[in-house]
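Starting from these lines, generate the structure:
(one chain, ligands or ions: 1)
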Amino acid sequence: LKLVVLISGGGSNLRSLVEASEDAEFPARVVAIGSDRDADGLALGEEYGIPTFTVAFTAYADRDSWGDALLEQVQQWQPDLVILSGLMRLLPPRVVAALSPNLVNTHPAYLPEFPGAHSVRDALAAGVDQTGASLIVVDDSIDGGPIIAQERVPVLPGDTEHTLHERIKSVERRLLVQSVLDIANGHVDLEELRTA
Ligand code: GRF
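Below is the predicted model of the structure:
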């Protein structure tokens, strides 16, 4: 399974996927890493010898033209699956349409709880004693797509946004690797999920 992973940040979840794919038995490999900005995680490309590309959102007049440029870069790699792992930008509808259902996103909450870009902070502010991690098929909603996998994560007394997010990420990484395995070996059918 050829994966293209899109990031905007440090790419710690991406690192887990790359490390998993170092195992010859793992039926997927990251063929390219892309970003909408000069993300720290692009350095993983250098570290692991994986091609990277940047389509800077700020270099385009509008979201649609940015999306078209991003889609062109992604499709060059002919990925079987595109993974949004900390891409902090909404994809335009025509990009989602072109890639769906082979387009998944990892989100640091137990969707449909706490959608959006500040879910860890929102969970803390809500004073809940548990939140979660979710992997979903991307559709045109904001974090409302079909759920592939999700798991509860406890919120502990004294948690900061950082400590809670790190605990969530450790679950996200496991869900990501397991879900890629399940998709590669047909245990999860994204087309079925999308039309369910
Ligand atoms: C992850 O928690 C992801 O779910 C969220 O942003 C974080 C990215 O972390 N959208 P990293 O860049 O993989 O460290």
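
Can you verify my assumption that Gly116 contacts Gly144?
No. At 10.7 Å, Gly116 does not count as touching Gly144 under the criterion of Cβ atoms under 8 Å. (Glycine included, C-beta is placed from N, CA and C.)

Am I right that Asn105 falls within a strand?
Yes. With DSSP: H, G, I helix; E, B strand; the rest coil as the criterion, Asn105 is part of a strand.

the helices in the chain, which residues?
Secondary structure of the chain (DSSP state H): helices located at 12-21, 43-48, 63-76, 93-99, 119-126, 161-184, 190-195.

Can you check which of those helices gets nearest to the ligand?
helix 12-21 (3.3 Å; Cβ to the nearest ligand atom).

which strands and helices sit next to that closest one?
Using 3 or more Cβ pairs under 8 Å, 6 or more residues apart in numbering; DSSP states H and E, the elements in contact with helix 12-21 are strand 2-7, strand 29-35, helix 43-48, helix 161-184.

TSV for those, including mean pLDDT and distance to Leu87?
Shown next, in TSV, are these (pLDDT from 0 to 100; distance: least, Cβ to Cβ, whole Å):
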stretch	mean pLDDT	distance to Leu87
strand 2-7	98	4
strand 29-35	98	8
helix 43-48	98	15
helix 161-184	98	14
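
got the contact list for the lowest-mean-pLDDT helix or strand in the chain?
Sorted by mean pLDDT, DSSP states H and E, the helices and strands of the chain end with helix 190-195, the least confident at a mean of 91. Helix 190-195 is contacted from outside by Ser100, Pro101, Asn102, Val104, Val137, Asp139, Gly145, Pro146, Ile148, Ile183, using Cβ atoms under 8 Å, 6 or more residues apart in numbering.

Which residues of the chain lie near the ligand?
Proximity of the chain to the ligand is confined to 7, 9-14, 41, 85-86, 106-108, 169, 172 under the rule Cβ under 6 Å from any ligand atom.

For the residues you listed, pick the one with the most neighbours.
When neighbours are taken as other Cβ atoms under 10 Å, the top entry among these is Leu14 (29 neighbours).

And it, what's its pLDDT?
Leu14 carries a pLDDT value of 98.

ok and the residue in the protein nearest the ligand?
Closest point on the chain to the ligand, by Cβ to the nearest ligand atom, is Gly86, at 2.7 Å.

which ones are touching that residue?
Neighbours of Gly86 in contact, by Cβ under 8 Å, 6+ apart: Ile7, Ser8, Gly9, Gly10, Gly11, Asn13, Leu14, Gly41, Thr106.
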